[in-house]
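**Q** Sharing a sequence plus its predicted fold:
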Amino acid sequence: MTDVDVIVIGAGFAGLRALYTLRNMGKTVQVLEASPDLGGVWYHNGYPGARCDVESYDYSYSFSPELEQEWRWTERYATQPEILRYINHVADRFDLRQHIQFSTRMTRAAYDEAGGRWTVSAEDGRQWSGQFLMMCVGQLSTTKQPGYPGQETFQGEVIHSGVWPKHPVDLAGKRVAIIGTGSSGMQMTPVIAKEAAHLTVFQRTANYSIPAANAPVLDEEDRQVKANYRARREQALNSPTGLGFMPNKKSALEATPEEREPVYEAAWNRLGFGFALAYYDILLSKPANDTAADFIRRKIGEQINDPVLRDKLTPKNHAFAARRPSVDSGYFKAFNRPNVSLADVREAPIVEFVPEGIRTTEKLHPVDVIIYATGFDAFTGSLLKADIVGRRGLTLKQKWADGPVTQLGVAVADFPNLLIVCGPGSPSLLSNVLLSTEQQIDWLAALIGKMDRDHLLEIEATEQAEQDWVAHVNERVKATLYLSTDSYYNGAEVAGKPRVFMPYSGGVRGYRRILAQCAADGYSGFVLRPVALNSPSPAAPAAQALPA
Ligand code: NAP
């Protein structure tokens, strides 16, 4: 068994940042990564058209001014291959690979209450021991595979967007089915439409989407961003979502329709996700939201020639941005092509896969390749994959049987020294997740630094703090429209999953202040101990809650 200070699970953006930061503090770190290479979701989501819908300069690490200056993004919204090149560049530049074990899937982690250490076991039997276990496993990394009856009889390839094969997938001249119209389905549709003989998009829920307004990054723009990068980062940190957009101080309902039109037009043409902040109450008030939703519906309609398709592709049954909208590059216009059709699976549900394709209640759709763009078991899927065993043999699955509970989204009572990056209860997917990731890792690293200085070995969230935090998360979201519809924010994406609102909707700035206050109060809501609670050592002083 190898002993280290910190075992980090996952070598995506979060795992690499944790490794970089902890190693700089002098910690020994072992990163375990199930995949054969770096990148997490950016390693796996290699589907045609995959790109980030946060602007490249904001969806990049902020910890190194030199890295910021030397990396040259080529497009406003980077493609998946470019992001993967960036991640690999970071790993090489900071010499991080040597601390990562690839193709190593954690199957179990158990906390030794007497010794105050985690033992992590991998699929192949190898084990590591660490004082801390830091989970950097992502929020959208466990795919949801509907598994229709007859799938094994289908003669062609079935692929999930989130585990896109590493072998070349040739869709040219093929009949292709895409099931799902979230961000992944909407991104790949216009790209696949250009090469497939025929593309059928199976839609359950029509989704809102704002044009990406993607463009190459010109040298002058690159120079300007780099000359003012600190200010840009500051603005992102102080914006509600971490994307840098500051909400309009005005209510949508204070403005007349004539006044709203140019505001929405400008947001539509350039802002992407920022559209949701065109007025401050778009996500707070249904009548305000209706003004935005009506505008977007009209804009979507203008892109689609056929009136029946226009009607089907126009979102009607949920408020704009109450579930995650998309940022697209030609999704709706793709349906004007003669080789693209829409199958409405609410009208005619999928019954089964057959050797020739997909049979719905209405007809057989003959296809050569089926692509699931059906999303993920969000927030908790990857945290609950392995057995994580805390005090008294309690597993995280048992603890979260009715839904996840955390203190600040980073820690769980009965699971000492388990640190979660962007866990349920943190802004995570309601924010620029990379900014939130860095924010949390810096906070957790400062906590570990304090524990070192004060000779503390164990940190544990209190149950009271967890309850208070979950109550606060629930209270905050009541002021928004997020609860007005089913979504992966509230566990509706997986049948039988507890219906709990998981991300924190109070914004990254508010969350940062709460973290800072918690630290200033001596890590309120946590118990810090000089030895493990059940340490048998006779020399050990009695366990106690220590004020900072
Ligand atoms: P998603 O948003 O969860 O969308 C899944 C889609 O599949 C939905 O349209 C859903 O319909 C449909 N679906 C699920 N199960 C189905 C079934 N059994 N039969 C028919 N349809 C089914 O997943 P995603 O598109 O992969 O995106 C997930 C998230 O990943 C995004 O919201 C975003 O946060 C992230 N992402 C980001 C980017 C980016 O930055 N560019 C790109 C892709 C993904 P219902 O709506 O009816 O459930």
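**A** Yes, it's here. Residues are numbered from 1 along each chain as shown.
**Q** contacts, neighbours, all on C-alpha from now
**A** Will do.
**Q** Next, count neighbours for residue 219.
**A** A total of 11 residues lie near residue 219 under the criterion other C-alpha atoms under 10 Å.
**Q** Stretch 304-323 near the ligand anywhere?
**A** No. Stretch 304-323 stays clear of the ligand (C-alpha under 6 Å from any ligand atom), getting no nearer than 8.1 Å.
**Q** contacts for that stretch?
**A** 205-208, 276, 283, 286, 289-290, 292-293, 297, 300-301, 332-333, 335-336, 342, 344, 481-489 (C-alpha atoms under 8 Å, 6 or more residues apart in numbering).
**Q** Also stretch 394-414?
**A** 380, 384, 387-391, 417-426, 460-463, 465-467, 469-470, 497-500, 502, 515, 525.
**Q** out of those residues, which are inside strands?
**A** Using DSSP state E, the members of the contacts of stretch 394-414 that fall in strands are 387-389, 418-420, 460-461.
**Q** Tell me the pLDDT of residue 546.
**A** As predicted, residue 546 sits at a pLDDT of 37.
**Q** Show residues contacting the lengthiest helix in the chain.
**A** As assigned by DSSP state H, the longest helix anywhere in the chain is helix 433-453. For helix 433-453, the surrounding residues in contact (C-alpha under 8 Å, 6+ apart) are 13-14, 17-18, 21-22, 25, 58-62, 237, 242, 419, 421-422, 427-428, 457, 508, 512, 515, 519, 528.
**Q** Among the residues you listed, name the buried ones.
**A** 13-14, 17-18, 21-22, 58-62, 237, 242, 419, 421-422, 427-428, 457, 508, 512, 515, 519, 528 (16 or more other C-alpha atoms under 10 Å).
**Q** can you tell me which of the contacts of helix 433-453 are in helices?
**A** Filtering the contacts of helix 433-453 for helices - DSSP H - leaves 13-14, 17-18, 21-22, 237, 508, 512, 515, 519.
**Q** count of neighbours near the residue in the stretch 1-150 of the chain that the ligand sits nearest to?
**A** Nearest residue of the stretch 1-150 of the chain to the ligand (C-alpha to the nearest ligand atom) works out as residue 52 at 3.6 Å. The local packing of residue 52 (other C-alpha under 10 Å) involves 20 other residues.
**Q** With residue 80 as the reference, measure out to it.
**A** 7 Å (C-alpha to C-alpha, to the nearest Å).
**Q** Could you do residue 313 as well?
**A** Counting by C-alpha to C-alpha - residue 313 and residue 80 are separated by 26 Å.
**Q** Residue 428 now?
**A** 20 Å.
**Q** domain ranges for the protein?
**A** 2-140+378-529, 143-207+325-375, 239-317 (automatic domain parsing).
**Q** Dump these into TSV; add distance to residue 215 as well.
**A** As requested, the domains of the chain are exported to TSV (distance: least, C-alpha to C-alpha, whole Å):
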stretch	distance to residue 215
domain 2-140+378-529	6
domain 143-207+325-375	11
domain 239-317	11
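**Q** need the contact list for residue 386.
**A** Contact analysis of residue 386 by C-alpha under 8 Å, 6+ apart lists 106-109.
**Q** mind redoing it with 10 Å?
**A** Residue 386 makes contacts with 105-109, 121-122, 395-397, as judged by C-alpha atoms under 10 Å, 6 or more residues apart in numbering.
**Q** and residue 342, which of the three is it?
**A** Assigned state for residue 342: strand (three-state reduction, DSSP: H, G, I helix; E, B strand; the rest coil).
**Q** Let's see which of the contacts of residue 386 end up in strands.
**A** 106-109, 121-122.
**Q** Are we agreed that residue 7 is in a helix?
**A** No. Looking at residue 7 with three-state DSSP, it is strand, so not inside a helix.
**Q** circling back to that earlier point, hmm, residue 46 and the residue of the stretch 1-150 of the chain closest to the ligand touching each other?
**A** No. If you go by C-alpha atoms under 10 Å, residue 52 and residue 46 don't touch, sitting 11.7 Å apart.
**Q** what touches both of those two?
**A** 79-80.
**Q** residues from this structure in reach of the ligand?
**A** 51-53, 146, 179-185, 204-205, 324, 373-376, 493.
**Q** List the ones among those residues that fall in helices.
**A** Short answer: these in helices (DSSP H) are 183-185.
**Q** Dump those to CSV, plus distance to residue 117, neighbour count and pLDDT.
**A** Conversion of these to CSV gives the following (distance: C-alpha to C-alpha, whole Å; neighbours: other C-alpha atoms under 10 Å; pLDDT from 0 to 100):
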residue, distance to residue 117, neighbour count, pLDDT
183, 40, 23, 96
184, 40, 24, 98
185, 43, 27, 98
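**Q** now residue 486: how far from residue 316?
**A** Counting by C-alpha to C-alpha, the gap from residue 486 to residue 316 is 14 Å.
**Q** Residue 369 now?
**A** 30 Å.
**Q** Which of those two has more residues huddled nearby?
**A** residue 369 (23 against 16).
**Q** pretty sure the more buried one is touching residue 192, no?
**A** No. Using C-alpha under 10 Å, residue 369 makes no contact with residue 192, being 11.5 Å away.
**Q** Now for the two: what residues contact both?
**A** Common neighbours of residue 369 and residue 192, counting by C-alpha under 10 Å, 6+ apart, are 171, 174, 176-178, 199.
**Q** quick one: which of those sit in strands?
**A** Using DSSP E, the shared contacts of residue 369 and residue 192 in strands are 176-178, 199.
**Q** Nearest to residue 74, out of those: which one, please.
**A** Each of those was scored against residue 74 by C-alpha to C-alpha, and residue 178 proved nearest at 28.7 Å.
**Q** Okay, and the beta partners of that closest one?
**A** residue 201, residue 371 (DSSP bridges).
**Q** returning to that earlier point: buried ones from the contacts of residue 386, can you make that a PyMOL selection?
**A** Applying 16+ other C-alpha under 10 Å to the contacts of residue 386, the buried members can be selected in PyMOL as follows:
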select buried, resi 105+106+108+109+121+122+395+396+397
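**Q** Leaving aside the residues adjacent along the chain, what's closest to residue 432?
**A** Ranked by C-alpha to C-alpha, 6 or more residues apart in numbering and with sequence neighbours excluded, the top spatial neighbour of residue 432 is residue 242, at 5.1 Å.
**Q** Model confidence for that neighbour, exactly?
**A** 92.
**Q** What's the separation between it and the ligand?
**A** Separation of residue 242 from the ligand (C-alpha to the nearest ligand atom, to the nearest Å) stands at 14 Å.
**Q** dump the residue contacts of that residue.
**A** Per C-alpha under 10 Å, 6+ apart, neighbours of residue 242: 58-59, 233-236, 427, 430-436, 507-509.
**Q** And residue 388, by the same measure?
**A** Contacts of residue 388 (C-alpha under 10 Å, 6+ apart): 106-111, 118-120, 394-398, 415, 418.
**Q** ok, residue 107 touching residue 389?
**A** No. Contact criterion C-alpha under 10 Å: residue 107 and residue 389 do not qualify, at 11.1 Å.
**Q** what is in contact with those two at once?
**A** Common neighbours of residue 107 and residue 389 (C-alpha under 10 Å, 6+ apart) do not exist.
**Q** so what's residue 364 closest to, chain neighbours aside?
**A** Distances taken as C-alpha to C-alpha, 6+ apart place residue 358 nearest to residue 364, at 5.8 Å, with adjacent residues excluded.
**Q** Surely the one you found is in a strand?
**A** Yes. Counting by three-state DSSP, residue 358 is found in a strand.
**Q** Next up, the contacts around it.
**A** If you count contacts by C-alpha under 10 Å, 6+ apart, residue 358 has them with 148, 150-151, 154, 177, 350-352, 364-368, 370.
**Q** List the beta-bridge partners for it.
**A** residue 353, residue 365.
**Q** same deal with residue 211?
**A** The partner residues for residue 211, given DSSP bridges, come to residue 328.
**Q** isn't it right up against residue 268?
**A** Yes. Under the criterion of C-alpha under 10 Å, residue 211 makes contact with residue 268 at 6.8 Å.
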